[in-house]
Each structure stands twice: as C-alpha cells, then as structure tokens.
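**Student:** need a structure here:
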Amino acid sequence: MLSLRRMNRRVRKIPELQWTAEMSDAIQSGLAVFLTSGAFVGIAFQPMFWYFVSMGISLRAYVWRVEQLATKPQDVGWRAGGQTGIAGIGVPAAGVPAWRKTPL
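**Tutor:** Below you'll find the model as predicted:
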C-alpha cells in the first residue's frame, strides 16, 4: 500500500499517467476493504488478497517502464545508434538469440 501511495503522488503530475493514479486509488481502496472485511471471513477467500497484490505490482511495473522510456532517447530497432552489442563494442549481449547475432 505504501508503494502504491508513493507511485500515486509521483504520477499525479503527469497527464498521460493520470489513469494510473486513479487505478492506484482503486487498488488501495479495494485492498483496505478486503483486509477489513477479511478479518471476519475464513481462509476460503485468501486468493483475492493476492489478486490485489498482483494488480498493485503490475501497475507499479507499468509506470516504471513508462518512466524509463521517457528518460531514454527514443531509438528505433535493436541496433539503433550503431550499438552492436554491450556498450557498442561489437560483442553480442548475453542471452541474445543466435539468429539476432548475425548481421543484417
């Protein structure tokens, strides 16, 4: 919940991410209601708690990716800017499939 609150304050200033602030509010409200009412219900409804947690984590990851794209220069393609590997030294990065290592 604290992570959602921090993200909420950070994205309120960005008009394109206004919907994520509202979604964060909705997840926080739903989680608070579920935890409050869950004190009176047995363990049968426990998966719902993890749904709320996963929605919060997914929303935070989405906002993080959008912020990372906004701070990086917009390159096109996986070899944009002449980068051919790690730090542009021509060595393919680890985990790159073999078909991507061949020149175009």
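
**Student:** what's around residue 27, how many residues?
**Tutor:** 21 (other C-beta atoms under 10 Å). Just so you know, the C-beta spots here come from the backbone N, C-alpha and C atoms, and that holds for glycine as well.

**Student:** same deal with residue 49?
**Tutor:** Residue 49 has 13 neighbours, counted by other C-beta under 10 Å.

**Student:** so the closest residue to it other than its chain neighbours versus residue 18, what's the distance?
**Tutor:** Leaving aside its chain neighbours, residue 49 sits nearest to residue 34 (6.4 Å; criterion: C-beta to C-beta, 6 or more residues apart in numbering). From residue 34 across to residue 18, the span is 25 Å (C-beta to C-beta, to the nearest Å).

**Student:** so which of the two has more stuff around it?
**Tutor:** Between residue 34 and residue 18, residue 34 has the larger neighbour count (other C-beta under 10 Å), namely 16 against 12.

**Student:** now what about the helix or strand hosting residue 31, what contacts it?
**Tutor:** Under the criterion of DSSP states H and E, residue 31 resides in helix 18-38. Residues outside helix 18-38 that contact it (C-beta atoms under 8 Å, 6 or more residues apart in numbering): 1, 4-5, 7-8, 11-12, 45, 48-49, 52-53, 55-56, 59, 62-63.

**Student:** buried among those? Need that as a selection in ChimeraX.
**Tutor:** Selection of the buried residues among those in ChimeraX, burial being defined by 16 or more other C-beta atoms under 10 Å:
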select :4,7,8,11,52,55,56,59,63
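
**Student:** quick one: contacts for residue 66?
**Tutor:** Residues near residue 66 by C-beta under 8 Å, 6+ apart: 16-17.

**Student:** compute the inter-axis angle for the strand or helix carrying it and helix 18-38.
**Tutor:** Here residue 66 sits within helix 47-71, counting by DSSP H and E. Here the directions of helix 47-71 and helix 18-38 differ by 160 degrees (axes from the mean of the first three to the mean of the last three C-alpha atoms, to 10 degrees).
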